[in-house]
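**Student:** Sequence and predicted model, in that order:
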Amino acid sequence: MAYNDQNIFAKILRGEIPAIKVYEDDRVLAFMDIMPQADGHTLVIPKAQAETLLDLPAEDAAYTIQIVQKVARAIETALSSKGIVLMQLSGEAAGQTVPHVHFHLIPSSVHKLGRHATEMGDQEKIKGFAEKIKAALA
Ligand code: AMP
């Protein structure tokens, strides 16, 4: 399906709406999920215009995974997390709600996850986690 550049992550990438960013380079952005399923829930997105993982050029996929690892390590350090749930929903039928490919990093035991994209988080609390993750990335 053709990429829709009006999706919310495309707007974040263009700076049209705010995000609590923890990492950015010329190919990837990582920012806090606005409706976290656990404390420290972070999203990593390639800047390439791709709706699902299957639409993403292999080189971008490979690079994005490197940043997923980097951010995951920072989350583990920052939040003293013992494990990270890595979630990637490809396609509406799989539950994908934002049509720009992204990886969820959820620092929690799978048994403690909140419901997906359901409840707005406390923005000040989320900013606090972002500061810790950024410090661990520095
Ligand atoms: P998915 O359902 O896999 O497409 O995940 C989309 C995720 O984006 C959900 O976990 C939402 O909570 C999150 N989300 C939606 N809008 C925003 C936003 N403006 N800033 C940060 N995260 C968002």
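**Tutor:** Thanks, I have the structure now.
**Student:** tell me what the longest helix seen in the chain is packed against?
**Tutor:** Longest helix of the chain, by residue count under DSSP state H: helix 58-79. For helix 58-79, the helices and strands in contact under the criterion 3 or more C-beta pairs under 8 Å, 6 or more residues apart in numbering; DSSP states H and E are strand 21-24, strand 28-32, strand 42-46, strand 103-106, helix 123-137. Quick note: C-beta positions are derived from backbone N, CA and C, even for glycine.
**Student:** Residue 14 is nearest to which of the ones you listed?
**Tutor:** Proximity to residue 14 (C-beta to C-beta) singles out strand 28-32 among the helices and strands packed on helix 58-79, at 11.0 Å.
**Student:** what about the helices and strands packed on helix 58-79, which gets the closest to residue 83?
**Tutor:** So among the helices and strands packed on helix 58-79, strand 103-106 is nearest, using C-beta to C-beta, at 9.5 Å.
**Student:** residues contacting residue 114?
**Tutor:** 36-38 (C-beta atoms under 8 Å, 6 or more residues apart in numbering).
**Student:** which among those end up buried?
**Tutor:** Among those, those scoring as buried are 36-38 (criterion: 16 or more other C-beta atoms under 10 Å).
**Student:** Now intersect those residues with the strands, please.
**Tutor:** In this view, the buried ones among the contacts of residue 114 have no member that belongs to strands under DSSP state E.
**Student:** of the residues you listed, closest to residue 96?
**Tutor:** residue 37 (14.7 Å).
**Student:** give the contact list for that closest one.
**Tutor:** 104, 106, 108, 113-116.
**Student:** cool, and residue 119?
**Tutor:** By C-beta under 8 Å, 6+ apart, the contact list for residue 119 reads residue 35.
**Student:** No further questions, thank you.
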